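Engineer: With the input below, show me the fold.
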Amino acid sequence: MVSLATLFIPLLALWLWWPLNSLARRARLVAILVTVALGLFPALLLKLVQSGAAPYASIAPWQVPGGWVLAVLMLALVLVLLRDASWLLSKLGGAKALARGLHSPQLTGCALMAAGALAGLGVHNALQPPQIQEQTVALKNLPPQLSGLRIAVLADIHASPVNNSAYVQTVVDRTLGVRPDLIVLPGDMVDGDVDSGRVNVAPLAQLKAPYGVWLAPGNHEYYSGYNSWMAEFRRLGLNVLENRMQLLHINGAKLALSGVGDPVYGRTSPHNADPAQPEGVPPDVEAVARQAQAAQAQFHMLLAHQPKFARDNAGQGIDLQLSGHTHGGLIRGLDQWVVAPVNQGFVRGLYDVGAMKLLVSSGAGLWAGFAVRLGVPPAIEVLTLERAP
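Structural biologist: Here you go, the predicted structure:
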């Protein structure tokens with residue numbers, strides 16, 4: 001998202017400042033250049049992370065203000081659209097004085113200050129630990145023995161120098177406090193390499209549940225040294241599902257719990273054992289579906305980090321898919337414009353996908369590169385399964 005946004009920042013800067021004819025040409029050029037430089041700062045940080053040119057621990061704190069800048073520009077785009085639509089209507093209606101006022105430096109400056117304040121509130125919201133969100137999921141194919149099963153979903157924690165060990169400890173404490181039967185972590189648990197990030201993710205070792213704690217990888221695990229992180233998760237006592245099905249016997253019923261790799265497989269990372277070679281596995285839902293069928297499972301639950309392939313997965317006999325990746329859309333209103341189109345319409349909450357139910361988590365944390373939430377708070381979703389009438 002950051003790289004894509006940078007393509008439009010020069011155009012947005014030109015659109016924002018050039019129509020302000022009461023400003024001198026030199027002043028408008030300076031304003032445009034400053035806006036472009038600020039807007040490209042987050043992309044520069046991302047390149048430093050991706051190349052491994054600087055330690056992630058030193059870059060991550062700067063990503064938060066960088067994300068604030070991007071949020072200001074996104075909100076400014078909305079305000080510019082409103083400004084120029086009003087300007088056009090004023091021109092067509094003959095209200096020339098009003099039209100000139102709409103392109104005044106004072107109005108544009110006030111709009112930018114409002115966008116900055118709103119984005120600042122969004123950063124504050126994003127940095128808060130998640131609250132528990134309880135909800136009931138009615139499933140037609142649920143065996144009666146599984147009715148009442150409580151599942152805690154911890155997606156997108158993004159443990160890092162920003163979401164540090166204290167943050168992760170709060171997530172763990174709140175999860176254990178609701179005493180779930182099963183805990184699942186559908187990807188993006190970490191950012192940065194194992195050596196610097198081990199201390200931040202360490203509290204996850206405290207997670208315990210009667211039917212286990214299970215993890216499937218997300219795209220950020222592939223960016224951060226996949227093999228090293230999978231080994232670290234196993235060392236912490238987490239059960240890692242890499243295109244693998246685990247049969248759980250619960251009250252006499254057979255529950256298939258599966259996890260698959262992420263579609264970003266094939267990219268390299270400076271944190272890989274060999275930075276020139278990709279690590280990890282591609283997603284293989286067909287394989288876990290075969291495993292569940294061979295085990296004669298009565299119900300199949302899938303951990304798949306990205307929700308965009310849910311319609312394909314529903315055709316493989318999956319009953320319930322648990323996903324993350326979208327962070328709930330981040331900003332209510334803009335979520336349907338920006339996040340939904342690149343995730344096949346799935347943003348947050350429960351969806352009926354054929355005979356399958358899909359939960360897209362709002363996320364228990366947030367990537368430091370765009371730590372902004374407006375109207376979409378972080379959440380630990382606790383699902384209670386029940387048999388639909």
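
Engineer: any idea which residue of the protein is furthest from its center?
Structural biologist: Using CA atoms, centre = their mean, the residue of the chain lying farthest from its centre is Gly94. It sits 46.6 Å away.

Engineer: How is it assigned, secondary-structure-wise?
Structural biologist: Here Gly94 takes the coil state, with states given by DSSP: H, G, I helix; E, B strand; the rest coil.

Engineer: any idea how far the closest residue to Arg332 other than its chain neighbours lies from Gly122?
Structural biologist: Once flanking residues are discounted, Arg332 sits nearest to Gly375: 3.1 Å by CB to CB, 6 or more residues apart in numbering. C-beta coordinates here come from the backbone N, C-alpha and C atoms, glycine included. Distance of Gly375 to Gly122, given as CB to CB, to the nearest Å: 9 Å.

Engineer: ditto for Ser165
Structural biologist: Distance from Ser165 to Gly122, by CB to CB: 24 Å.

Engineer: and what of Ser147?
Structural biologist: 39 Å.

Engineer: Equivalent analysis for Ser362, please.
Structural biologist: For Ser362, the distance to Gly122 - CB to CB - is 14 Å.

Engineer: hmm, back to that, if you count surrounding residues, which of Ser147 and Gly122 has more?
Structural biologist: Higher neighbour count among Ser147 and Gly122: Gly122, with 25 against 15, using other CB atoms under 10 Å.

Engineer: close enough to count as contact, the more buried one and Val376?
Structural biologist: No - the pair Gly122 and Val376 fails to qualify as a contact (CB atoms under 8 Å) at a distance of 9.5 Å.

Engineer: which residues are in contact with both of Gly375 and Gly122?
Structural biologist: Shared contacts of Gly375 and Gly122 (CB atoms under 8 Å, 6 or more residues apart in numbering): Ile331.

Engineer: picking up where we left off before, kindly tell me how buried the residue nearest to Arg332 is, as a neighbour count.
Structural biologist: With other CB under 10 Å as criterion, Gly375 counts 14.

Engineer: show me what contacts it?
Structural biologist: Gly375 touches Ile331, Arg332, Gly333, counting by CB under 8 Å, 6+ apart.

Engineer: Drop anything exposed from the residues you listed.
Structural biologist: Ile331 (16 or more other CB atoms under 10 Å).

Engineer: Would you mind giving the contacts of Gly375 as JSON lines with distance to Val353 added?
Structural biologist: Shown next, in JSON lines, are these (distance: CB to CB, whole Å):
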{"residue": "Ile331", "distance to Val353": "25"}
{"residue": "Arg332", "distance to Val353": "23"}
{"residue": "Gly333", "distance to Val353": "24"}
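
Engineer: from the contacts of Gly375, which is closest to Trp68?
Structural biologist: Ile331 (12.7 Å; CB to CB).

Engineer: where does the closest one land on pLDDT?
Structural biologist: Ile331 is assigned 94 on the pLDDT scale.

Engineer: helices and strands around the host helix or strand of Ala76, which ones?
Structural biologist: Using DSSP states H and E, Ala76 maps to helix 56-92. Applying 3 or more CB pairs under 8 Å, 6 or more residues apart in numbering; DSSP states H and E, we find helix 56-92 packed against helix 2-17, helix 25-51, helix 96-102, helix 105-126, helix 194-201.

Engineer: which other residues reach the shortest one?
Structural biologist: By CB under 8 Å, 6+ apart, the surrounding residues in contact with helix 96-102 are Ser22, Arg83, Asp84, Ser86, Trp87, Ser90, Lys91, Leu107.

Engineer: contacting residues for the residue nearest the centre of the chain?
Structural biologist: By CA atoms, centre = their mean, the mean C-alpha position of the chain lies nearest to His327, the distance being 3.3 Å. Counting by CB under 8 Å, 6+ apart, His327 touches Asp156, Val339, Ser362, Gly363, Leu366, Trp367, Arg373, Val376.

Engineer: rerun that using 6 Å as the cut-off
Structural biologist: Asp156, Gly363, Leu366 (CB atoms under 6 Å, 6 or more residues apart in numbering).

Engineer: For it, which non-adjacent residue is spatially closest?
Structural biologist: Leaving out its chain neighbours, His327 is closest to Gly363 (CB to CB, 6+ apart), at 4.4 Å.

Engineer: Relative to Ser224, how far out is the one you found?
Structural biologist: 17 Å.

Engineer: pretty sure Tyr56 is touching Val190, no?
Structural biologist: No - using CB atoms under 6 Å, Tyr56 is not in contact with Val190; the gap is 10.3 Å.

Engineer: With neighbour numbers in mind, choose between those two.
Structural biologist: Using other CB under 10 Å as the criterion, Tyr56 and Val190 rank with Val190 on top: 27 against 22.

Engineer: That one pairs with what?
Structural biologist: Ala159 (DSSP bridges).

Engineer: For it, give its distance to Val288.
Structural biologist: Val190 sits 23 Å away from Val288, going by CB to CB.

Engineer: do Gln135 as well
Structural biologist: Taken as CB to CB, the span from Gln135 to Val288 is 25 Å.

Engineer: more crowded one of these two?
Structural biologist: Val288 (27 against 12).

Engineer: Give me the residue ranges of the stretch 51-200 of the chain where confidence is low.
Structural biologist: Within the stretch 51-200 of the chain, no range satisfies pLDDT under 70.

Engineer: buried stuff in stretch 176-193?
Structural biologist: Of the residues in stretch 176-193, those buried (16+ other CB under 10 Å) are 180-193.

Engineer: can you check stretch 332-345 too?
Structural biologist: Buried residues in stretch 332-345 (16+ other CB under 10 Å): Leu334, Asp335, Val338, Val339, Ala340, Asn343.
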